[in-house]
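J.: Here's my sequence, what's the structure:
(one chain, ligands or ions: 1)
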Amino acid sequence: MVSLQDKVIIVTGASSGIGLASARQFGREGAKVVMASRSLDKLRELAPSVAAPERVLCVKCDVTQEAECRALIEATVARFGRIDVLVNNAGISMRALFADLDLKVIHALMDVNFWGTVYCTKYALPYLLEARGSVVGLVSIAGYSALPARSGYSASKYAVRGFLDTLRIEHLKDGLHVLAFAPGYTSSNVRRAALTADGTAQGETPLDENRLMSAERCAQMLSLALRTRRSQILLSPLGCVTVRMRQLFPRLVDRLTYKYIAREKGSPFK
Ligand SMILES: NC(=O)c1ccc[n+]([C@@H]2O[C@H](COP(=O)([O-])OP(=O)(O)OC[C@H]3O[C@@H](n4cnc5c(N)ncnc54)[C@H](OP(=O)(O)O)[C@@H]3O)[C@@H](O)[C@H]2O)c1
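T.: Below you'll find the predicted structure:
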């Protein structure tokens, strides 16, 4: 098992939820952590909970901006001299039927979830290859089995998965580790920040967040997947069953998924 001790790990979207819990997990395991997100003040406030000042770097980076992603990679190399792991975690979700949706919502989802991953990976790749390191994408069960009212979210996560799977094959012979990591429902801010039909944030969650997997547990599993160089993880048992069943009985899974989402609090099907 590879240790994370002294590895240089970039986490995008490190100001909240799974990204923050992962940054803390990596810090506890002795890594040097680069925390990136749009809110620099928040990152600086949180950094002491991640690692000692000389082992943590906070960088303001909106992943929809290619130049900022490039600057994130440059800042990391300038400070720590190498990059061992890039965790493309920054992400947003949505909740509205496609028929009601302003198309700017799908653009926003693709810009953060897909293009953010592509930009950061592009600029980090030479360093990751040098280190025979890892690139991770936070996908989702919705990137394997579509979720209604999340057309842009599902599409962006399918796209990220396709991108990562391609990258893995292209670098099969040169030691790059590529991980598509798919949590199930995990307690975080993602549903409150999710965009509605007109692009404004939902502001509330339809789920009981206390009953979901904790972001800390998710981060522990991410660390394990990194250390064991797994190529794909689907974290939720229900997600695993759904994905397997979709391959065998796709129309049945469509009907079950419809029913599941229709039962959600405030479902757009009602
Ligand atoms: N929670 C779940 O149930 C779940 C399930 C499957 C997959 N995931 C995936 O896990 C990842 C993390 O989500 P989470 O649940 O932890 O959500 P979260 O608590 O809402 O955190 C999202 C993070 O992304 C950052 N972010 C958003 N837009 C950004 C941008 N343009 N540039 C840079 N950073 C940006 C946010 O920071 P700032 O606002 O400070 O920029 C925040 O740190 C996402 O990719 C999500 O799709 C989550």
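
J.: residues near the closest residue to the ligand within the stretch 51-200 of the chain, how many?
T.: Closest residue of the stretch 51-200 of the chain to the ligand, CB to the nearest ligand atom: G91 (2.2 Å). Using the backbone N, CA and C atoms, a C-beta is placed for each residue, glycine as well. Neighbourhood size, G91 [other CB atoms under 10 Å]: 28.

J.: ok, now the one 5 residues further on?
T.: Counted with other CB under 10 Å, the burial measure for A96 works out to 21 neighbours.

J.: now L222
T.: Neighbour count for L222, taken as other CB under 10 Å: 26.

J.: swap in L234?
T.: When neighbours are counted by other CB under 10 Å, L234 registers 23.

J.: the strands in the protein, which residues?
T.: In the chain, the segments counted as strands under DSSP state E are 8-12, 32-37, 56-60, 85-88, 134-138, 177-182, 232-234.

J.: Check which helices and strands the second one is in contact with.
T.: When you say that, I think you mean strand 32-37. Contact partners of strand 32-37 among helices and strands, from 3 or more CB pairs under 8 Å, 6 or more residues apart in numbering; DSSP states H and E: strand 8-12, helix 17-28, helix 40-46, strand 56-60, helix 66-80.

J.: Would it count as contacting the ligand?
T.: Yes. Contact of strand 32-37 with the ligand (CB under 6 Å from any ligand atom) involves S37.

J.: Buried residues, that strand. List them.
T.: Along strand 32-37, these residues count as buried under the neighbour rule (16 or more other CB atoms under 10 Å): 32-37.

J.: so which of those residues comes closest to L43?
T.: Distance to L43 across these (CB to CB) is lowest for M35, with 4.8 Å.

J.: Number of residues surrounding the residue lying closest to the closest one once chain neighbours are set aside?
T.: Leaving aside its sequence neighbours, M35 sits nearest to A14 (CB to CB, 6 or more residues apart in numbering; 3.7 Å). Neighbour count of A14, defined by other CB under 10 Å: 33.
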